[in-house]
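# can't give you the sequence, but here's the structure:
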């Protein structure tokens, strides 16, 4: 067997900080994008309806913009500071 990577194998785009597990991603896509009802989603992903509701809630919470900025700006707006330099 060769040690060469298989170009046809799907690679996971997940990294340790990724909050979208496969379950969350599947439930979110089936419910929000494709419009399935919770009973159908639960049957497809083989989880209970309450579990699917919780997974969807966590997925929505993850993608909802946070109320506070992720990083503090040092010395004012960086956009203004960058604009003055150029």
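Done, it's in. Keep in mind that this is a model prediction, so the values were computed, not measured.
# where does the protein dip in pLDDT?
Across the chain, the ranges flagged by pLDDT under 70 are 1-19, 65-71, 73, 75-86.
# show me the contacts for residue 30.
Residues near residue 30 by C-beta atoms under 8 Å, 6 or more residues apart in numbering: 36, 40-41, 44-45. Any C-beta I mention is one placed from the backbone N, CA and C, and that applies to glycine too.
# Just to be sure, which of these are found in helices?
In helices, judged by DSSP state H, the following of these are found: 40-41, 44-45.
# who wins for neighbours among those residues?
Neighbours here mean other C-beta atoms under 10 Å. Within the ones in helices among the contacts of residue 30, the largest count is held by residue 41, at 22 neighbours.
# Quick check: buried residues in the longest helix belonging to the chain?
Longest helix in the chain by number of residues (criterion: DSSP H): helix 49-63. Residues of helix 49-63 classed as buried by neighbour count (16 or more other C-beta atoms under 10 Å): 52-53, 55-56, 58-59.
# will you turn those residues into a markdown table that also has distance to residue 29?
Shown next, in a markdown table, are those (distance: C-beta to C-beta, whole Å):
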| residue | distance to residue 29 |
| --- | --- |
| 52 | 12 |
| 53 | 15 |
| 55 | 11 |
| 56 | 10 |
| 58 | 14 |
| 59 | 9 |
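# circling back to that earlier point, closest one of the ones in helices among the contacts of residue 30 to residue 28?
Set against residue 28, the nearest of the ones in helices among the contacts of residue 30 by C-beta to C-beta is residue 41 (9.6 Å).
# from memory the closest one sits against residue 33, does it?
No. In this structure, residue 41 is not within contact of residue 33 by C-beta atoms under 8 Å, at 11.4 Å.
# if we can go back for a sec, with respect to residue 23, which of the contacts of residue 30 is nearest?
Ranked by distance to residue 23 (C-beta to C-beta), those are led by residue 45 at 6.4 Å.
# ok, now which ones touch the closest one?
The neighbours of residue 45, taking C-beta under 8 Å, 6+ apart as the test, are 23, 26-27, 30, 52.
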